[in-house]
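**Q** build me a model:
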Amino acid sequence: MKKKHPEKTRGVVRKKYSEIAKGASSESIIPVSCCGEPLVPLDSLTTALGYSQEELASVPHGANMGLGCGNPLAIASLKKGETIVDLGSGGGFDCFLAAKQVGARGMVIGVDMTAEMVSKARKNATKGGYSNVEFRLGEIEHLPVADNTADVIISNCVINLSPEKLHVFRETFRILKPGGRLAITDVVASAPLPAEFQNDSTLLSACIAGAATIEELNNLLEEVGFIDIRILPLDKSRMFIKDWFPDLKVEDYVVSATIEATKPSQ
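**A** Residues are numbered from 1 along each chain as shown. Model (predicted):
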């Protein structure tokens, strides 16, 4: 694989998701998912990722953009009063669901690198009357969040997009409180990616080319200092992954996974 400058890679991703934010409509059929480009019924896609119809109905219209590969809230075990940070918050879907779980005494901070996504999420927050949610523009490698802020960090199919995953995990470790935890769903590589996949900018912004293996992710998390690391591949996710790029059979190379880890209390 040809080494690319990290900022060039981020530029490709930023451009893609800026276009998605500007092109998102109120249609029930979404032309872009995280990650390929099939026409997919949005509600069907989201329930396949592990969300309920009640959750779909509870957020502002337009917040759900179908850009995930799982449901991080299903493993987050959020509690009233906690502070949550969402990496790559998009239209705010997971943030709004988390806000209901942490309640008025809690706080949810969404971070996204795309100004158009942040603007969209803020409008959605205003529509929904969320007083315990805020959205910040920033890169997940350089989080605009103070040290020891978050009880839980969530993320949905975003870290695979980063060309500097070690920086991302260092930042998550920094902003977590002692004893804080990661609850992430992401795409991981289950087999070596072909060179043509790795060098394809479309597959990069489609959450495939940048996927790391479970072993690589585990090593990065250990290097940063996390403990109680659990990375669980979700084989059933291949059922929807195969629709991302049917001609390429990407489901033979990547799978969705849950990623959990804890910052030591001491």
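**Q** the spatially most central residue of the chain and residue 227, how far apart?
**A** The centre of the chain sits closest to residue 156, judged by Cα atoms, centre = their mean, with a distance of 2.4 Å. Residue 156 sits 23 Å away from residue 227, going by Cβ to Cβ, to the nearest Å. Every C-beta, even on glycine, is put in place using the N, C-alpha and C of the backbone.
**Q** which residues touch residue 103?
**A** Under the criterion of Cβ atoms under 8 Å, 6 or more residues apart in numbering, the neighbours of residue 103 are 80, 81, 132.
**Q** correction: residue 237
**A** Listed by Cβ under 8 Å, 6+ apart, the contact set of residue 237 reads 69, 70, 255, 256.
**Q** show me the contacts for the last one.
**A** Residue 256 is in contact with 69, 70, 157, 185, 186, 187, 188, 233, 234, 237, 241, counting by Cβ under 8 Å, 6+ apart.
**Q** mind running it again at 6 Å?
**A** Listed by Cβ atoms under 6 Å, 6 or more residues apart in numbering, the contact set of residue 256 reads 69, 70, 187, 234, 237.
**Q** residue 98 now?
**A** Residues near residue 98 by Cβ under 6 Å, 6+ apart: 78, 84, 108.
**Q** counting by contacts, list what whatever helix or strand the second one lives in packs against.
**A** When you say that, I think you mean residue 84. In this assignment (DSSP states H and E), residue 84 forms part of strand 83-87. Strand 83-87 is packed against helix 93-102, strand 107-112, strand 150-156, with contacts defined by 3 or more Cβ pairs under 6 Å, 6 or more residues apart in numbering; DSSP states H and E.
**Q** and those: which comes nearest residue 6?
**A** strand 107-112 (17.5 Å; Cβ to Cβ).
**Q** next, the angle from that closest one to strand 83-87.
**A** 10 degrees (axes from the mean of the first three to the mean of the last three Cα atoms, to 10 degrees).
**Q** hang on, the earlier thing: nearest to residue 7, of the contacts of residue 103?
**A** residue 132 (33.6 Å).
**Q** do I have it right that that closest one meets residue 100?
**A** No - look at residue 132 against residue 100 with Cβ atoms under 6 Å: they stay out of range, at 9.4 Å.
**Q** quick one: which of those two has more around it?
**A** Using other Cβ atoms under 10 Å, the more surrounded residue of residue 132 and residue 100 is residue 132, with 19 against 16.
**Q** who's in contact with the more buried one?
**A** By Cβ under 6 Å, 6+ apart, residue 132 lies in contact with 99, 106, 107.
**Q** what do you get if the cut-off is 7 Å, keeping everything else the same?
**A** Residues in contact with residue 132 (Cβ atoms under 7 Å, 6 or more residues apart in numbering) are 99, 104, 106, 107, 108.
**Q** helix, strand or coil for the second one?
**A** In this case it means residue 104. coil (DSSP: H, G, I helix; E, B strand; the rest coil).
**Q** that one - nearest residue in space that isn't next to it in sequence?
**A** Counting by Cβ to Cβ, 6 or more residues apart in numbering, residue 104 lies nearest to residue 132, which is 6.0 Å off, once chain neighbours are set aside.
**Q** the one you found and residue 62: what is the separation?
**A** Applying Cβ to Cβ, the value for residue 132 to residue 62 is 20 Å.
**Q** just residue 199 next, same as before
**A** When residue 199 is compared with residue 62 (using Cβ to Cβ), they lie 34 Å apart.
**Q** who has more neighbours, those two?
**A** residue 62 (17 against 14).
**Q** quick one: low-confidence parts of the stretch 1-150 of the chain?
**A** 1-4, 24-45 (pLDDT under 70).
**Q** what about the strands in it?
**A** Remark: strands assigned in the stretch 1-150 of the chain by DSSP state E, counting those that start in this stretch are 29-30, 40-41, 83-87, 107-112, 133-137, 150-156.
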